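Visitor: Model the structure of this input:
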Amino acid sequence: MKHPFVLLFAVASFVAVNDYEGKMLEEKTGASLEELAKGLRALICTFGAKGSVIYAGGERHEIPSVRAEAVVDPTGCGDAYRAGLLYGISHGWDWPSTGRLGAVMGALKIAQRGAQNHSASRADIEARFKRAFGHSPWK
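Guide: As a prediction, this is how the structure comes out:
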């Protein structure tokens, strides 16, 4: 029987993990995240306040974190980051912009208590993106 990770990577297009999960994948498969990404459209690994890395199309995109206005509760930050990823992917954005939106969403989330109690308008998110990265990905 094939290892469950081999089966996962046979059907997945994208894989998003945090640093702990990424290390576990590497240990269990014997392959680096970069190697695992070769069979995917993208593999994303988050490192909390240290940012994230997106492996896609044979490239490695280093995504910086966004400074949070307050650090209140990290519960749900990974989900918020992934929401940014899904938005960028579904709108055809490039990987750096997609990852940066994820970073903005994580920074917005960590400033609020609770897993999904935060909200922001698109104008707020765009303004936060512009402050962090000097431009808007919305054209």
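Visitor: what's the spacing between the closest residue to residue 75 other than its chain neighbours and residue 94?
Guide: In space, and not counting its chain neighbours, residue 75 is closest to residue 115: 4.7 Å by Cβ to Cβ, 6 or more residues apart in numbering. The C-beta positions use only the backbone N, C-alpha and C, and glycine is treated the same way. From residue 115 across to residue 94, the span is 29 Å (Cβ to Cβ, to the nearest Å).
Visitor: now the residue nearest to residue 75: how far from residue 74?
Guide: Distance of residue 115 to residue 74, given as Cβ to Cβ: 10 Å.
Visitor: which residues sit in contact with residue 60?
Guide: 34, 53, 54 (Cβ atoms under 8 Å, 6 or more residues apart in numbering).
Visitor: Out of these, who's the most crowded?
Guide: residue 54 (24 neighbours; other Cβ atoms under 10 Å).
Visitor: Beta-bridge partners for that residue, please?
Guide: residue 44, residue 61 (DSSP bridges).
Visitor: quick one, what contacts it?
Guide: 42, 43, 44, 60, 61, 63, 95, 96, 98, 99.
Visitor: Go through those residues and name the one nearest residue 28.
Guide: Using Cβ to Cβ, residue 43 comes nearest to residue 28 of these, at 14.6 Å.
Visitor: Verify the stated contact: that closest one with residue 15.
Guide: Yes. Residue 43 is within contact range of residue 15, at 4.9 Å (criterion: Cβ atoms under 8 Å).
Visitor: After the worst-scoring helix or strand of the chain on mean pLDDT, which helix or strand is next?
Guide: One helix or strand of the chain scores below all others by mean pLDDT, DSSP states H and E: helix 4-11, with a mean of 61. Going down the chain from helix 4-11, the next helix or strand is strand 14-18, by DSSP states H and E.
Visitor: ok, so of the contacts of residue 60, who is nearest residue 67?
Guide: For those, the nearest to residue 67 is residue 53 (18.8 Å; Cβ to Cβ).
Visitor: tell me the contacts of the closest residue to that closest one other than its chain neighbours?
Guide: Leaving aside its chain neighbours, residue 53 sits nearest to residue 45 (5.1 Å; criterion: Cβ to Cβ, 6+ apart). The contact partners of residue 45, by Cβ under 8 Å, 6+ apart, come to 16, 17, 18, 19, 22, 33, 52, 53, 55.
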